[in-house]
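J.: model this:
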Amino acid sequence: MRNALLVDGVYAIVVGILLLFPSLGASVFARPPQDPPVVSGWGTSLIGVGIIALAAASDVAKYGGLAWAFALGLLLSAINLVYFWATGAYTLRTVLAPIVINIVLAVWIWTARPKGSVTPG
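T.: Below is the predicted model:
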């Protein structure tokens with residue numbers, strides 16, 4: 001699970017940095033932000049999530065029980081992207097890669113979780 005959390009952490013931080021600076025994110029995601037302050041706020045949140053994932057990766061024995069939270073967060077993000085693609089807010093070109101990455105990471109984290117870390121609590 002350590003490697004999965006490391007990848008998740010780096011991925012979240014990179015995307016967070018791209019969103020933190022809306023002009024940079026617009027050039028990478030090929031979509032100018034409608035509300036740059038909100039997008040920048042999302043970026044800072046993703047950086048925070050990435051830092052938490054990296055911290056959890058540093059001690060999987062202690063934080064392995066959080067696998068469900070990391071997997072659920074990634075799946076919720078993928079569902080959000082699918083919804084906004086389905087409503088026409090995003091094009092498939094801008095959401096396909098993050099949807100696939102989020103689902104792959106969620107499955108990887110879930111299948112790599114320490115035994116006995118099946119449910120919250």
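J.: In the chain, where is pLDDT below threshold?
T.: 30, 116-121 (pLDDT under 70).
J.: As a check, name the ranges of all helices in it.
T.: 2-20, 22-29, 36-57, 60-63, 67-86, 92-112 (DSSP state H).
J.: Can you lay out those as TSV showing mean neighbour count?
T.: C-beta: built from backbone N, CA, C; applies to glycine. Output for the helices of the chain, formatted as TSV (neighbours: other Cβ atoms under 10 Å):
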stretch	mean neighbour count
helix 2-20	20
helix 22-29	15
helix 36-57	17
helix 60-63	15
helix 67-86	17
helix 92-112	16
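J.: Can you give me the distance of the residue lying closest to Phe84 once chain neighbours are set aside to Gly16?
T.: Closest residue in space to Phe84, ignoring its immediate chain neighbours: Tyr90 at 4.9 Å, by Cβ to Cβ, 6 or more residues apart in numbering. Using Cβ to Cβ, to the nearest Å, we find Tyr90 at a distance of 18 Å from Gly16.
J.: hmm, back to that, residues contacting the residue nearest to Phe84?
T.: Arg31, Leu81, Phe84 (Cβ atoms under 8 Å, 6 or more residues apart in numbering).
J.: Need those in CSV (columns: distance to Gly64).
T.: Below are the contacts of Tyr90 laid out as CSV (distance: Cβ to Cβ, whole Å):
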residue, distance to Gly64
Arg31, 36
Leu81, 27
Phe84, 32
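J.: and which of these is nearest Val95?
T.: Taking Cβ to Cβ as the measure, Val95 lies nearest Leu81 of these, at 4.4 Å.
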